[in-house]
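Q: Quick check, what structure comes out for this input:
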Amino acid sequence: MAVVYALTVGFFVFKELTLNQLPALFIRAGVTSATVLLIASCATIFKWLLATEQIPQHLAAIVLSANLNP
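A: Prediction:
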């Protein structure tokens, strides 16, 4: 619904869009969406790796085992 509303406003209200601009807009939107999804998928893989290898727990144990008394 938001896309239909934005296209309607762009074509009829502000009159800034033309039919010739649509393919370039769709390509740019696709590249932007693909970039965001790639970043999100890499973050999910990194999160899984950290949880599987229990890296935060190991780091916390190292910090707590250090003798930090003044």
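Q: which stretches of the protein have low pLDDT?
A: For the chain, no stretch has pLDDT under 70.
Q: Name the residues of the lengthiest helix in it that come out as buried.
A: If you go by DSSP state H, the chain has its longest helix at helix 22-53. In terms of neighbour count (16 or more other Cβ atoms under 10 Å), helix 22-53 has no buried residues at all. To be clear about C-beta, it is placed using only N, CA and C from the backbone, and glycine gets the same treatment.
Q: tell me the angle the helix or strand that it is followed by makes with helix 22-53.
A: Under the assignment DSSP states H and E, the closest C-terminal helix or strand after helix 22-53 is helix 55-65. For the pair helix 55-65 and helix 22-53, the angle between their directions (axes from the mean of the first three to the mean of the last three Cα atoms, to 10 degrees) equals 50 degrees.
Q: List the contacts of helix 55-65.
A: Leu49, Leu50 (Cβ atoms under 8 Å, 6 or more residues apart in numbering).
Q: if we go to 7 Å?
A: When contacts are defined by Cβ atoms under 7 Å, 6 or more residues apart in numbering, helix 55-65 is touched by residues Leu50.
Q: in that helix, what counts as buried?
A: Of the residues in helix 55-65, none is buried by neighbour count under the rule 16+ other Cβ under 10 Å.
Q: Ok, stretch 6-16 next?
A: Neighbour counts over stretch 6-16 (16+ other Cβ under 10 Å) mark Gly10 as buried.
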